[in-house]
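S.K.: Here is my input, please return the structure:
(one chain, ligands or ions: 1)
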Amino acid sequence: MQFIRTAIPDVIIIEPTVHGDSRGYFVETFRQDKLEEFLGYKINFCQDNESKSSKGVLRGLHYQLPPHAQTKLVRVIHGRVLDVAVDIRKNSPTFGKYVAVDLSGENKKQLLIPRGFAHGFVVLEDDTIFAYKVDNYYSPQCDRGIAFDDKNLNIDWILNHNELNLSAKDTKQPKLNETNDLFEFGVDYYA
Ligand SMILES: Cc1cn([C@H]2C[C@H](O)[C@@H](COP(=O)(O)OP(=O)(O)O[C@H]3O[C@H](C)C(=O)[C@H](O)[C@H]3O)O2)c(=O)[nH]c1=O
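M.R.: Numbers count the residues shown, from 1 in each chain. Okay, here's the model as predicted:
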């Protein structure tokens, strides 16, 4: 299992080891000990999620506010997405910047998105199954979002705007500079 820091160092790509043989393959998709050793802090996931989407679906950009802020460990079981994490920690040197990673059932890559980031993905193949762990329970009251097409983020979602399929909620999210519901850089949201 390899851990690779991205251009935003707190966002980490995880590449599990795939053991293939004549029957198929085996992969350890999560190892708490190895993850905590790399992170240098404890992490306790408490909820697993799964969503299925057709090509063109865009879910995001979402996050939960403290005290229900979530770390997400995301992966694609079948299909392919472009997965995006946006730094929404005020005063961060990478505030408003994003990381985009191609996750697929084929490459088995995962992305660790810490508290303080908005998360979203666009689905690039039909019948894509997206699975992820979170370390705080779902809290509708603390659920927030940022507009996927915020010009100040300038996210390249690959697909054309007219190919996208969003929830009503996601067509009405505020731009980053229109919300105060953000995080502070340097605050330990894991304390
Ligand atoms: C997130 C969540 C949702 N729900 C219910 C609420 C709705 O009845 C239904 C769909 O919820 P929503 O439209 O918010 O689902 P997504 O658009 O896939 O949202 C997720 O996608 C983006 C990319 C994320 O990173 C978040 O985990 C999450 O916001 O599932 C639950 O019961 N539990 C949950 O944890």
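S.K.: pLDDT score for the residue located most distally from the centre of the chain?
M.R.: Within the chain, S22 marks the point farthest from the mean C-alpha position, 33.1 Å out by Cα atoms, centre = their mean. The model reports S22 with a pLDDT of 98.
S.K.: quick one, phi psi at it?
M.R.: phi -60, psi -20 (degrees, to the nearest 10).
S.K.: distance of it from the ligand?
M.R.: Going from S22 to the ligand by Cβ to the nearest ligand atom, to the nearest Å gives 37 Å. Backbone N, C-alpha and C define where each C-beta goes, glycine included.
S.K.: again with K55
M.R.: In this view, K55 and the ligand are 16 Å apart by Cβ to the nearest ligand atom.
S.K.: again, but for F183
M.R.: Counting by Cβ to the nearest ligand atom, the gap from F183 to the ligand is 15 Å.
S.K.: Also T179?
M.R.: 16 Å.
S.K.: Next, count neighbours for that residue.
M.R.: T179 has 14 neighbouring residues, counting by other Cβ atoms under 10 Å.
S.K.: My read is that it contacts R144, right?
M.R.: Yes: between T179 and R144 there is a contact under Cβ atoms under 8 Å: 7.1 Å.
S.K.: who are the neighbours in contact with the residue sitting nearest the centre point of the chain?
M.R.: For the chain, the residue nearest the mean C-alpha position is H119 (4.3 Å; Cα atoms, centre = their mean). For H119, the contact set (Cβ atoms under 8 Å, 6 or more residues apart in numbering) comprises 60-63, 72, 74, 83-86, 113.
S.K.: ok, how many other residues are close to the nearest residue to M1 once chain neighbours are set aside?
M.R.: Distances taken as Cβ to Cβ, 6 or more residues apart in numbering place P16 nearest to M1, at 5.1 Å, with adjacent residues excluded. Number of residues near P16 (other Cβ under 10 Å) recorded here: 17.
S.K.: Also S139?
M.R.: S139 has 13 nearby residues by other Cβ under 10 Å.
S.K.: Also the one 3 residues further on?
M.R.: C142 has 17 neighbours, counted by other Cβ under 10 Å.
S.K.: before we move on, what about A147?
M.R.: Counted with other Cβ under 10 Å, A147 comes out at 20.
S.K.: E178 now?
M.R.: Neighbour tally, E178, other Cβ under 10 Å: 10.
S.K.: Now for it: which residues touch it?
M.R.: No contacts exist for E178 under Cβ under 8 Å, 6+ apart.
S.K.: same check, this time on N91
M.R.: 184-186 are the contacts of N91 under Cβ under 8 Å, 6+ apart.
S.K.: Give me the distance between it and E184.
M.R.: Per Cβ to Cβ, to the nearest Å, N91 is found 7 Å from E184.
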